[in-house]
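Visitor: Got a predicted model here, sequence first, then my questions.
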Amino acid sequence: MGGFDAIVEEGSPGGSYTDGFIVPVPEGNRDAYRELASKMAKVFRQHGASRVIESIADDVSRGEVTDFYRAVNAEEGETVVFSFIEWPDKQTRDDAWQKIMSDESLKPEGEMPFAGQRMFWGGFDKIVDTAEKQSAPRSGTPVTA
């Protein structure tokens, strides 16, 4: 568990599929990372993402067994970024990533502001979204908390 400060926010909540990733970022590369993240958020949105959030560690403890820093093998002088991209559905996400990864204009120029070889990510189906409006229970259906 940890607290993260949003450094990039694009779009509105919504969608049934989420990509999430954790990446180590050298403290000296915060601004360069934010610039890249902001650029890529716009690209994701152009390809159908509902929302992109990039957040940098603010209140993230180092644990005794595991933690966000250990998860990415963070080195001295690195912080951790936790990010997610919401998509309307998995097909939109799959189509978008295929286009993004094959777009030569998006290939990195020079050194990346993060350690990509220690980044990890995954795709997730939504199971609960407390921001969604809940419909009223059908007549005769008990309400449980």
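Guide: Great, that's in hand. Since the model is a prediction, treat every value here as computed from it, not as a measurement.
Visitor: Provide a list of residues in contact with the residue nearest the centre of the chain.
Guide: Nearest to the geometric centre of the chain sits F84, at 1.8 Å (CA atoms, centre = their mean). Residues counted as contacts of F84 (CB atoms under 8 Å, 6 or more residues apart in numbering) are T18, D19, G20, F21, V52, I53. Where you see a C-beta, it was placed from the backbone N, CA and C, and this is true even at glycine.
Visitor: Does anything pack onto the helix or strand of the chain with the lowest mean pLDDT? Which helices or strands?
Guide: Using mean pLDDT, DSSP states H and E, strand 3-11 stands out as the lowest-scoring helix or strand of the chain, at a mean of 90. Helices and strands touching strand 3-11, by 3 or more CB pairs under 8 Å, 6 or more residues apart in numbering; DSSP states H and E, are helix 30-46, strand 51-59, strand 78-87.
Visitor: could you redo the last one with a cut-off of 6 Å?
Guide: With contacts taken as 3 or more CB pairs under 6 Å, 6 or more residues apart in numbering; DSSP states H and E, strand 3-11 sits against helix 30-46, strand 51-59.
Visitor: Looking at these, which one is packed in the most?
Guide: strand 51-59 (a mean of 18; mean count of other CB atoms under 10 Å).
Visitor: got a list of contacts for that strand?
Guide: 3-13, 37, 41, 44, 79-86 (CB atoms under 6 Å, 6 or more residues apart in numbering).
Visitor: Average pLDDT for the helix or strand following that strand, rounded please.
Guide: Using DSSP states H and E, the helix or strand that follows strand 51-59 in sequence is helix 68-71. Average pLDDT, helix 68-71: 95.
Visitor: Could I have the CA atoms of helix 68-71 written out in PDB?
Guide: These are the backbone C-alpha positions of helix 68-71, laid out as PDB (Å, rounded to 0.1, in the frame of the first residue of the first chain):
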ATOM      1  CA  PHE A  68       6.700  -1.000  -4.500                       C
ATOM      2  CA  TYR A  69      10.500  -0.300  -4.500                       C
ATOM      3  CA  ARG A  70      11.400  -3.900  -4.300                       C
ATOM      4  CA  ALA A  71       8.900  -4.800  -6.900                       C
END
